[in-house]
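Engineer: predicted coordinates and the sequence they were generated for:
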Amino acid sequence: MKNLILLGLLVILLVSVQFSKAQTADDIIAKNIEARGGKDKLASIKTIYMEGVKEMMGNEITVKVTKEQGKLSRTEFEMGSTTGFILVTDKGAWSFIPMRSSAPEQMPADAAAALQTELDITAPYIDYAAKGNTVELAGKDTLNGNENYKLKLTTATGKIIMYWIDAKTYLLTQSSQKDNTLFHGKRNNSEQVEVETITMYKDYSAVDGIQIPHTIETKSTGGGGRFNGPTTFDKIQLNVPIDPKLYKPE
């Protein structure tokens, strides 16, 4: 009987230790902030400019990304002698795909609202409550042989984004989200399709003391597959002035 009691106490002790070491979503986010350079460093980012090359359908396309925290996200891509773009501001969203149209097209209000997370340079899970978002720990997963924590973020508009945080480095390795996108098929037929986009973040190195992935690879389903491929950035600058014309759909 004495041995049984001791065994029971040992089990209780082991369970207690296990619970005391359990990670919460806030713990993981805090460690992610520290791994990236710290809260003050991340808060200091007002703008970011990234330039690199995207591999897409066997071609290399020059990509330029310009962002201002909470106000602007503009991705430009050179296609032959023309330049297209996807523009998101706090007032709306536009796209210009030269092969598809001769002028920029404004996106519907619901699509623009779903893209507002693109304006967040640091990530929507940083200070998530102040942004009107909620985050919960959704368990663990294994990516490329490495254990990752999964975070489920729900924005104020109801959009769900999943994040994978490496359990050793605490850096972001992958995100996933679903959106309804207007897909232009053959014969100019268009339809709304659900597109799941998986984004992988690789090749981290420091820029002004902040860890930033220099390779970002996307994989999409449901009509978005033609834009799949890695983008490798060889130029990243923080807090540089932004030309006012980049805020305009032109």
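Structural biologist: Nice, thanks for sending it over. From a predicted model like this one, the values you see are computed outputs, not experimental measurements.

Engineer: pull the distance from whichever strand or helix holds residue 198 to the chain's centre.
Structural biologist: For residue 198, the host element (DSSP states H and E) is strand 190-207. In terms of CA atoms, centre = their mean, to the nearest Å, the centre of strand 190-207 is found 7 Å from the chain centre.

Engineer: okay, buried residues for the following helix or strand past that strand please.
Structural biologist: Scanning forward in sequence from strand 190-207 by DSSP H and E, the next helix or strand is strand 210-220. Of all the residues in strand 210-220, those buried under the rule 16 or more other CB atoms under 10 Å are 210-214, 216-220. C-beta coordinates here come from the backbone N, C-alpha and C atoms, glycine included.

Engineer: mind checking what helix or strand follows the lowest-mean-pLDDT helix or strand in the chain in sequence?
Structural biologist: Every helix and strand of the chain was ranked by mean pLDDT, DSSP states H and E. The lowest is helix 2-20, at a mean of 49. Per DSSP H and E, helix 2-20 leads on to helix 25-36 as the next helix or strand towards the C-terminus.

Engineer: which residues are in contact with that following helix?
Structural biologist: Under the contact criterion CB atoms under 8 Å, 6 or more residues apart in numbering, helix 25-36 has outside partners 39, 42, 125-126, 128, 135-137, 149, 151, 165, 169-172, 210-211.

Engineer: tell me which of the buried residues of strand 210-220 is nearest to residue 236?
Structural biologist: Among these, residue 212 lies closest to residue 236 (CB to CB), at 5.9 Å.

Engineer: quick check: closest non-adjacent residue to that closest one.
Structural biologist: Sequence neighbours aside, residue 236 is the residue nearest to residue 212 in space, at 5.9 Å (criterion: CB to CB, 6 or more residues apart in numbering).

Engineer: look up how far residue 86 lies from that neighbour.
Structural biologist: Separation of residue 236 from residue 86 (CB to CB, to the nearest Å): 19 Å.

Engineer: any idea what residue 176 is bridged to?
Structural biologist: When assigned by DSSP bridges, residue 176 has beta-bridge partners residue 162, residue 198.

Engineer: correct me if wrong: it contacts residue 199.
Structural biologist: Yes: counting by CB atoms under 8 Å, residue 176 does reach residue 199; the two are 7.4 Å apart.

Engineer: residues making contact with the helix or strand where residue 93 lies?
Structural biologist: Element membership of residue 93, judged by DSSP H and E, is strand 92-96. Strand 92-96 has contacts (CB under 8 Å, 6+ apart) with 84-87, 103-107, 109, 111-112, 115, 249.

Engineer: same thing but at 7 Å, please
Structural biologist: Identification of contacts with strand 92-96 by CB atoms under 7 Å, 6 or more residues apart in numbering yields 84-87, 104-107, 111-112, 115, 249.

Engineer: list the contacts of the residue positioned nearest the centre of the chain.
Structural biologist: By CA atoms, centre = their mean, the chain has its centre lying nearest to residue 175, at 5.8 Å. The contact partners of residue 175, taken as CB under 7 Å, 6+ apart, are 161-163, 199.

Engineer: and the gap between it and residue 102?
Structural biologist: 33 Å.

Engineer: got it, and residue 35?
Structural biologist: Residue 35 is 46 Å from residue 102, by CB to CB.

Engineer: ok, back up a step: among the contacts of helix 25-36, which lie within helices?
Structural biologist: Residues of the contacts of helix 25-36 located in helices (DSSP state H): 39, 42.
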